[in-house]
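A.B. asks: Give me coordinates for this.
(chains A and B)
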Amino acid sequence: MLPTIGHAAIVVALALTAYAAIAFGLAARRGDRSAATSGRRAMLGAFGLAAVASVALMASLLGHDFSIAYVARNNATTTPPFYSVISLWAALEGSILFWALLLTGWSALVLHRYRDRHVELMPWVGVTLALASGFFFAVMTWPGNPFERLVPVPVQGNGPNALLQNNPFMGLHPPLLYLGYTGLAVPFAFGVAALVTGRIGPEWLAIVRRWTVIPWIFLTAGIVAGAWWSYEVLGWGGYWAWDPVENAALMPWLTATAFIHSSMVAERRGGLRIFTMVLVIATYVLTLLGTFLTRSGVVQSVHAFTASAIGPWFAVAILAALGGGIGLLLWRLPALADRRPAPELASRESAFLFNNVLFLAVTLVVCFGTLLPLIVEGATGGRLGLGAPYFNALNAPIFAALLFLMAIGPALPWGGASWRTLRDRFGLQSLLAGAGTLVGFGAGMRGLAQLGTLFLALLVIGVLGDEVVRGTRSRGRTRGEAVPTAAWRLATRNRRRYGGYVVHAGICVMAIAISVSATGASQASAALGPGASMAIGGYAITLDRVVEEPMREDPRVTELRAELHYSGTRSGAVSTALRSYPNSTTAIATPGVRTFPNEDLYLTLLQADPGTGTATIQAFLNPLVAWIWLGGFIVVLGAAFAAWPERRRVLAPASTAVPAEPLAASSPSVEGA
Amino acid sequence: MRPWLRWLILPVLVGPVGWLLFANIGVDPRTIPSQLVGRHLPAFSLATLDGATLTDADLAGRPAVINFWASWCVPCVDEHPVLLDAAARFGGDLRIVGVVYHDTPDAARGWLGRYGDGGWPDLVDDGSLALDFGVTGPPETYFVDAGGVIRHRVVGPLTTVSMAEGLAAIGVGG
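C.D. replies: This next block holds a predicted model:
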């Protein structure tokens, strides 16, 4: 029964999205408001049906209904309920359903919110979102049916991928990432609408700004959560491997970040409009490409589900989005072109322009490195991969340049800065950052990567702090507010700006932590007998015993565990294990991580023998890793502050109106006038 | 520039992307083709764990299974019974050669003591033989026919099924 309901819901949802696309098209051609209303309701219905199908699949997973192929492949009678539920996004077909659910959710939300506004733009936004959603329902109707039946019905299923049921974090990382990916369809839809209607002024940018920042928050959180998962679960001692699918998530993040910046110039000064439009199109195409890489089995990675029949479908969708987007852009190119003179070098416009160029450069480096193996294979049939050294060597200087821009950009005035302004804004900060860098050197930081990053990051924080202090002081003086009130009001009256500063500060924290953890980590490995010790950094690590036993949560899983204790700088107990899942040929390493403010002690079990009680342990000492996660948290917090809806200004009745900000020249009460 | 020229961007951009996407569809990333399959095995002369020396010439005349492994390699434990079984069944028609990959001789000897020594030679490799073979990581196994030509490669732990496939490729047990 459930599979029939689920499948029917998908087919009807496909029909509804097709109807919505036509209805919105009619609304656009004839200005027919009732057609737009009808299309909007159809999209809401599609969202409801996607929810019905998702619940049906979750219930089938919970009920271990192995007559559904997806359930048989990804579930077993012993799978704990939590992992059964999140198996909705643990493999190909289910994750496409989940994707459709989130995409129709965003679509319904946006179409509802702007139902009475932007009457020229919204029908085209509706057409784009209906087509984008319809694609996923079509994939589920034909090549990727999540409710595909299996005959004869097996008595037992395969169980979820061992790696994915090793940590409850699987419940959080994919939904965050998918919310980010799917949400980025919204700015693309507005971009398409702006190009089709020719309304390429500030109108669409004002809407899209927020609708880019919100998915950006989810995407950022998803990427950081993925890095954390990789670090805490995979047991190789690192958090970022330039894995093709990590790159696939990073590329739209880079272009979306560039878009958020260039849209400010486009909106305020009318510049960088072509750039902005290219970034919107690129971001959406890259989210599809990411899905293609992840879902079609084109690249080998922890994320690659399986080589499957949906590949050609995604290839066509990517080409349609790319060709359609670029085609529209070329059509409107004359109108988008910027005919004003190039901006001053030391101006905020220039900083934004360089920012865009650098973000695009990183994107190209990452894109080339990710796709080169595919190019080589497509052309020659051979296999070739670019490793982390390629990505690190090329990207490190670009990221350093971005940090530098982050320091100077926010303090540069629009239009252009005089030499004196530059000295005022950056002189003291540079000296302070230099002093801070010396302190870092004293604390043991070495090398250009660590000290250079520290200097630039401190410069950013110094300049931002100075901006906040200046703003607060001037507000306190003109309004007579106390410092905390003035600071809070300053920030909440201009959330975008000050939220952005918090994001920048969080990025700086991450940059320092990444530079130090990437270049300052140490590792050691040793085969230990019972009671034997190994040394790493200031720690002695001693093996207490080796245990082999079935896991309590799932007795089909055997855990081979080394129990250890460490002493020295700090002391305590830690254990690390190898888990053997019945459906996996290789044992899954479960690292033991002890996190301290200055470093992580990270132990992985390579091999152990319960008979003799010996274990081979690989130990890593990773400095400052905790600050990466903290920095990520600050970034998300700052972006959420920036995207928070601003309070609508309530207009007071004219009779009692008081000028909010008396002009200095006309006001006798201004002190010192 | 003539205005229509800008439309050239479209095929220039979409064409290669389309080629890239379609050229890679249907390729299973888990099958790693080896450049060496169909070629003669690389020359070597290496010491074994027992202190003898073995060269590629010694392998001529009999099909061989060359297995890269290490004492720190967890899946090597899983596949070891498959190798022991093949040695027991086809010992006369087949040579098995182990290559100890990035490991110390002592650790390797200890491991064999624990999991069973099949009596075949184990070469101690400084990494250059693995490089010549293009080994991605242990366990990895090459099937070489009586003429010294590499016929098949298995990446990851051997199973009874993949062992049977490999042996069939070099004419053993068929």
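
A.B. asks: Smallest gap between chain B and chain A, at which residue?
C.D. replies: B:Ala23 (3.2 Å; CB to the nearest CB). Bear in mind the C-beta positions are built from the backbone N, C-alpha and C, glycine included.

A.B. asks: tell me, how many neighbours does that residue end up with?
C.D. replies: 17 (other CB atoms under 10 Å in any protein chain shown).

A.B. asks: so A:Leu601 makes contact with A:Gly572?
C.D. replies: No. In this structure, A:Leu601 is not within contact of A:Gly572 by CB atoms under 8 Å, at 9.1 Å.

A.B. asks: Please enumerate the shared neighbours of the two.
C.D. replies: A:Tyr566, A:Arg594 (CB atoms under 8 Å, 6 or more residues apart in numbering or on different chains).

A.B. asks: Tell me which stretches of chain B form strands.
C.D. replies: B:45-47, B:53-55, B:64-69, B:95-100, B:122-124, B:140-144, B:150-155 (DSSP state E).

A.B. asks: Neighbours of A:Ile375, how many?
C.D. replies: Neighbour tally, A:Ile375, other CB under 10 Å: 16.

A.B. asks: pLDDT score assigned to it?
C.D. replies: You'll see A:Ile375 listed with a pLDDT of 77.

A.B. asks: Now the stretch 101-250 of chain A against chain B: closest residue?
C.D. replies: Closest point on the stretch 101-250 of chain A to chain B, by CB to the nearest CB, is A:Pro244, at 9.8 Å.

A.B. asks: Report pLDDT for that residue.
C.D. replies: At A:Pro244, pLDDT is 78.

A.B. asks: what residue lies at the spatial centre of chain B?
C.D. replies: B:Thr141 (3.4 Å; CA atoms, centre = their mean).

A.B. asks: cool, and chain A?
C.D. replies: Taking CA atoms, centre = their mean, chain A has its central residue at A:Leu219, 2.2 Å away.

A.B. asks: Which of the helices or strands spans the nearest residue to that residue once chain neighbours are set aside?
C.D. replies: With CB to CB, 6 or more residues apart in numbering or on different chains as the criterion, A:Leu219 has its nearest non-adjacent residue at 2.8 Å, and that residue is A:Gly180. Per DSSP states H and E, A:Gly180 falls inside helix A:173-183.

A.B. asks: distance between that helix and the chain's centre?
C.D. replies: 8 Å (CA atoms, centre = their mean, to the nearest Å).

A.B. asks: need the contact list for residue 71.
C.D. replies: I'll assume chain A. Contacts of A:Val71 (CB under 8 Å, 6+ apart): A:Leu57, A:Ser60, A:Leu61, A:His64, A:Asp65, A:Gly157.

A.B. asks: try chain B instead
C.D. replies: A:Gln607, A:Thr616, B:Val100, B:Asp103, B:Ala107, B:Ala108, B:Gly110, B:Trp111.

A.B. asks: The helix or strand of chain A with the lowest mean pLDDT packs against which elements?
C.D. replies: Least confident helix or strand, chain A: strand A:588-590 with a mean of 83, by mean pLDDT, DSSP states H and E. On a contact count with 3 or more CB pairs under 8 Å, 6 or more residues apart in numbering or on different chains; DSSP states H and E, strand A:588-590 meets strand A:572-580, strand A:599-609.

A.B. asks: how many neighbours does the residue of the stretch 101-250 of chain A closest to chain B have?
C.D. replies: 24.

A.B. asks: Same question for A:Trp331.
C.D. replies: Neighbour number of A:Trp331 under other CB under 10 Å is 15.

A.B. asks: Quick check: it touching A:Val196?
C.D. replies: No. The pair A:Trp331 and A:Val196 does not pass the contact test of CB under 8 Å, sitting 9.0 Å apart.

A.B. asks: quick one: the strands in chain A?
C.D. replies: For chain A, applying DSSP E gives strands covering A:522-528, A:533-536, A:539-550, A:558-568, A:572-580, A:588-590, A:592-595, A:599-609, A:614-623.

A.B. asks: Could you list the low-confidence segments of chain A?
C.D. replies: For chain A, the stretches flagged by pLDDT under 70 are A:152, A:294-308, A:339, A:378, A:381-385, A:582-586, A:647-673.

A.B. asks: rerun at 50
C.D. replies: The model of chain A has pLDDT under 50 over residues A:297-307, A:650-673.

A.B. asks: isn't A:Trp211 right up against A:Thr182?
C.D. replies: No. If you go by CB under 8 Å, A:Trp211 and A:Thr182 don't touch, sitting 11.9 Å apart.

A.B. asks: returning to that earlier point: counting neighbours, what do you get for the residue nearest to A:Leu219?
C.D. replies: Neighbours of A:Gly180 using other CB under 10 Å come to 25.
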